[in-house]
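Undergrad: Mind looking at a prediction? Sequence and model below.
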Amino acid sequence: MRLTFRGEIWEWRGPAPYHFVTVPDEESAEIEAAAHLVTYGWGMVPVAVRIGSTDFKTALWPKNGGYVLPLKDTVRRAERIALGDEVSVRLTLDT
């Protein structure tokens, strides 16, 4: 399954801060329908992602009935992404 969407970068400020992009509702529903095929513990869904010219692997985190995509610092630096920026995301469920 391949999905493309746009989203704004936001930050969760916990003991270890993370930056995320929220997966829109429609795409989250598609992921949820296929998640049982690839999920591992706690509802995490492994994905391959492309933002700009940067490819990386991570796992979607379930949140509020949908999913959020964590952004690694190396990706944000490589693509010069800052808090509040809107990015285009291409992701594939990673089987």
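TA: That came in fine, so what should we check first? Numbers count the residues shown, from 1 in each chain.

Undergrad: Which residues does the residue lying closest to residue 24 once chain neighbours are set aside form beta bridges with?
TA: Spatial nearest neighbour of residue 24, chain neighbours left out: residue 5 (5.2 Å); criterion: Cβ to Cβ, 6 or more residues apart in numbering. (Each C-beta comes from the backbone N, C-alpha and C, glycine too.) When assigned by DSSP bridges, residue 5 has beta-bridge partners residue 89.

Undergrad: Likewise for residue 19?
TA: As for beta bridges, residue 19 partners with residue 11, residue 71 under DSSP bridges.

Undergrad: Show the contacting residues for it.
TA: Counting by Cβ atoms under 8 Å, 6 or more residues apart in numbering, residue 19 touches 9-12, 70-71, 73, 76, 81, 83.

Undergrad: average model confidence for stretch 9-19?
TA: Averaged across stretch 9-19, pLDDT comes to 84.

Undergrad: Equivalent analysis for stretch 41-55, please.
TA: The average pLDDT within stretch 41-55 is 92.
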